[in-house]
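K.L.:
structure here, sequence nowhere to be found:
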């Protein structure tokens, strides 16, 4: 089992191609490429994918069709364009989720980048989207939006590598300092 993180796919959103200068000729090409890239790295044997907002701007029937084609267990965190979501369906969470993983890794998932976040003073990590690669992360943050990651989901192993090269959070409390 592996964990993956992604955001800002904007399935079905015609104007996102122009807004973000995506290298696609049509929403059909964009949607198919995103689905293929997702399924290339995410396997159906227990992999878990956190979609950190702005999954789709499409009618619910189209969104469900896309979800059915994606490998893994897909968990959705609400973003600014996720009107298709209903609270009770398909593992949908409101705007923030906290994960505590093996080895004491604490990750805060939110569609929006934060200056501080839960446990940031203990060097927790924040995974965000919304900025389409246009906002420099601070401390232990990373934009998992597809525009910032070659149109692929980012694995937890990749996040671990990225965070190893990121500076500590500015508000880190050092041991022995009061």
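P.N.:
The structure has been received and is ready for your questions. Everything quoted here is computed from the prediction, not taken from an experiment.

K.L.:
show me the contact partners of stretch 22-42.
P.N.:
Contact with stretch 22-42 is made by 2, 4, 6, 9, 11-14, 16-17, 49, 66, 69-72, 146-147, 150-153, 155, as judged by C-beta atoms under 8 Å, 6 or more residues apart in numbering. (Glycine included, C-beta is placed from N, CA and C.)

K.L.:
show me the biggest helix of the protein in terms of residues.
P.N.:
The single longest helix within the chain, with elements called by DSSP state H, is helix 27-41.

K.L.:
mind listing what's buried along that one?
P.N.:
By neighbour count, and taking 16 or more other C-beta atoms under 10 Å as the criterion, the buried residues in helix 27-41 are 27, 30, 31, 34, 35, 37, 38, 41.

K.L.:
from residue 31, how far off is the nearest residue to residue 74 once chain neighbours are set aside?
P.N.:
Residue nearest to residue 74 in three dimensions, not counting chain neighbours: residue 49, with 5.0 Å by C-beta to C-beta, 6 or more residues apart in numbering. Relative to residue 31, residue 49 is positioned 16 Å away (C-beta to C-beta, to the nearest Å).

K.L.:
and the next helix or strand past the helix or strand of the chain with the lowest mean pLDDT?
P.N.:
The least trusted helix or strand in the chain, going by mean pLDDT, DSSP states H and E, turns out to be strand 92-93, with a mean of 63. Helices and strands here follow DSSP states H and E; after strand 92-93, the next one along the chain is strand 96-101.

K.L.:
so what strands line up beside the helix or strand following that next one?
P.N.:
Tracing the chain past strand 96-101, the next element assigned as helix or strand by DSSP H and E is strand 105-110. Neighbouring strands of strand 105-110 in its sheet, by DSSP bridges, are strand 96-101 (antiparallel), strand 125-128 (parallel).

K.L.:
give me the buried positions along strand 105-110.
P.N.:
Buried residues in strand 105-110, counted by 16+ other C-beta under 10 Å: 106, 107, 108, 109, 110.
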